[in-house]
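Q: here's a sequence, model it:
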Amino acid sequence: MTLIQWYPGHISKAERQLKEQLKRVDVVLEVRDARIPLASHHPQVKEWIGDKPRLLILNREDMISNVIKQEWQEWFKNQGETPFFTNAKDGKGVKAINKASQGCGTDVNARRKSRGMLPRPVRAVVIGFPNVGKSALINRLLNRKIVASARKAGVTRQLQWVRISKDIELLDAPGIIPLKLENQEDALKLAICEDIGEAAYNNQEVAQQFVDLLVNLGTENVLKERYGLDALDLTGEEFIIKLAQMKYQNDQERVARQILQDFRKGYLGKVSLEYPPVE
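A: This is a model prediction of the structure:
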């Protein structure tokens, strides 16, 4: 398969600016995609933020089952982390993040007071891959639409500070991805979930591998329910070809786009692409 690589110039610039701004930040809100909580983790986040408090947010919880959600909750707990599950689209889970962010601000201002300094709003930054729902989350935290948000990668292009309340200031940063997507399995999942831009990949190759991935995970039944074709004894490539013959006048590109779109919009049901690693 062709390598999936995407590193537009504006992201390189944003990464430099973000590192600069991180010095001024008190708490980091790291947003990941609940369908792929490990693949949507930027490997350098910990290195960048050092010992600053970090809230781990798994967005799009509406797109995974409650059973998988509980499994991830348990797994992260065993890693010493407490994930916050959200659906930024309808605001579910956002109040808990607001409260936790303010909690970090209390500590900051206690330290300031001990040094004879006046209290100030806590400074938070929202970071994560493109299109994991950062801007939608910020708009929910603000209770109004203040930053551009869309279901595609690369909408936020520059860093901007926005005031949530007298207690919190928030930095909205563009999506950041590693300079090289070393792990191609992760890159594939990011492409399937549309968490990297379309210019990075070939739709047909990604759709074929998506079908193969569902078969490997044992969840290929969602394809049969949606398209009336069983993928179990077919390769992803064969599935796309056969479905194109059956329903799409042999147009394989159209089939590929349709399958990816159906997954991204939730038409295949609640489908996770990752499960917690077995310890």
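
Q: which residues in this protein form strands?
A: Assigned by DSSP state E, the chain shows strands spanning 27-33, 54-59, 84-86, 122-127, 160-163, 168-172.

Q: which of these comes out lowest on mean pLDDT?
A: Set side by side, the strands of the chain give their lowest mean pLDDT on strand 160-163, at a mean of 77.

Q: export that strand to CSV, keeping only CA atoms.
A: What follows is strand 160-163, C-alpha atoms only, in CSV (Å, rounded to 0.1, in the frame of the first residue of the first chain):
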residue,chain,number,x,y,z
GLN,A,160,-6.3,31.9,19.1
TRP,A,161,-7.0,32.6,22.8
VAL,A,162,-10.7,32.7,23.8
ARG,A,163,-12.1,33.6,27.2
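
Q: packing partners of it?
A: With contacts defined as 3 or more C-beta pairs under 8 Å, 6 or more residues apart in numbering; DSSP states H and E, strand 160-163 has these neighbours: strand 168-172. Quick note: C-beta positions are derived from backbone N, CA and C, even for glycine.

Q: neighbouring strands of the strand it packs on in the sheet, and parallel or not?
A: Strand pairing for strand 168-172, using DSSP bridges, gives strand 122-127 (parallel), strand 160-163 (antiparallel).

Q: so what touches the first one?
A: When contacts are defined by C-beta atoms under 8 Å, 6 or more residues apart in numbering, strand 122-127 is touched by residues 18, 21-22, 24-31, 42, 45, 101-102, 104-105, 108-109, 134, 137-138, 167-173, 176.

Q: report the angle between it and strand 27-33.
A: Taking axes from the mean of the first three to the mean of the last three C-alpha atoms, to 10 degrees, one finds that strand 122-127 is oriented at 20 degrees with respect to strand 27-33.

Q: can you show me the CA trace of strand 122-127 as PDB?
A: Provided in PDB are the C-alpha atoms of strand 122-127 (Å, rounded to 0.1, in the frame of the first residue of the first chain):
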ATOM      1  CA  VAL A 122      -6.500  29.400  34.400                       C
ATOM      2  CA  ARG A 123      -4.900  29.100  30.900                       C
ATOM      3  CA  ALA A 124      -5.900  25.900  29.100                       C
ATOM      4  CA  VAL A 125      -4.900  24.600  25.700                       C
ATOM      5  CA  VAL A 126      -6.800  22.100  23.500                       C
ATOM      6  CA  ILE A 127      -4.600  19.900  21.400                       C
END
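
Q: all helices in the stretch 51-200 of the chain, in order from the N-terminus.
A: For the stretch 51-200 of the chain, applying DSSP state H, counting those that start in this stretch gives helices covering 66-78, 94-114, 134-142, 184-192.

Q: just put those helices in JSON lines and tack on mean neighbour count, mean pLDDT and distance to T86.
A: Converted to JSON lines, those look like this (neighbours: other C-beta atoms under 10 Å; pLDDT from 0 to 100; distance: least, C-beta to C-beta, whole Å):
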{"stretch": "helix 66-78", "mean neighbour count": "14", "mean pLDDT": "97", "distance to T86": "11"}
{"stretch": "helix 94-114", "mean neighbour count": "15", "mean pLDDT": "86", "distance to T86": "6"}
{"stretch": "helix 134-142", "mean neighbour count": "24", "mean pLDDT": "82", "distance to T86": "7"}
{"stretch": "helix 184-192", "mean neighbour count": "22", "mean pLDDT": "91", "distance to T86": "19"}
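
Q: could you export these as TSV, including distance to L234?
A: TSV is the format used below for those (distance: least, C-beta to C-beta, whole Å):
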stretch	distance to L234
helix 66-78	26
helix 94-114	42
helix 134-142	36
helix 184-192	18
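
Q: of the ones you listed, which is nearest I49?
A: helix 94-114 (12.4 Å; C-beta to C-beta).

Q: chain center to the closest one: distance?
A: Centroid separation for helix 94-114 versus its chain: 25 Å, with C-alpha atoms, centre = their mean, to the nearest Å.

Q: ok, stretch 120-137 next?
A: The chain centre lies 11 Å from the centre of stretch 120-137; the measure is C-alpha atoms, centre = their mean.

Q: can you pull the buried residues of that stretch?
A: 121-137 (16 or more other C-beta atoms under 10 Å).

Q: so which of the strands paired with strand 168-172 is nearest E237?
A: strand 122-127 (36.4 Å).

Q: the inter-axis angle of the closest one versus helix 94-114?
A: For strand 122-127 against helix 94-114, the angle by the same axes, to 10 degrees is 130 degrees.
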